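> Would you be able to build a 3D model of this:
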Amino acid sequence: VSFRTLKSNPVVGIPAEIVAKLDKEDAKWRYNGTRGTIQSVLAPSPLLQAE
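Next up, the predicted model:
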């Protein structure tokens, strides 16, 4: 799991309607540090699998 504060323009994985809503509410939301994302990869780790 990765917690990241948004501090740049590119946005990946956020639905377009959410991006549009945030753009309307705060034009600087992508880089002003007031919002963030939580990212995760939910695949089993090969290191944890039994041999």
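> Tell me which stretches of the chain form strands.
Assigned by DSSP state E, the chain shows strands spanning 2-5, 36-39.
> Which of these has the highest mean neighbour count?
Highest mean neighbour count of the strands of the chain: strand 36-39, a mean of 11 (counted as mean count of other CB atoms under 10 Å). Any C-beta I mention is one placed from the backbone N, CA and C, and that applies to glycine too.
> That strand packs against which elements?
The helices and strands touching strand 36-39, judged by 3 or more CB pairs under 8 Å, 6 or more residues apart in numbering; DSSP states H and E, are strand 2-5.
> show me the contacts for the residue nearest the centre of the chain.
The C-alpha lying nearest the average C-alpha coordinate of the chain belongs to residue 37 (CA atoms, centre = their mean; 3.2 Å). Shown in contact with residue 37 (CB atoms under 8 Å, 6 or more residues apart in numbering): 3, 4, 6, 13, 14.
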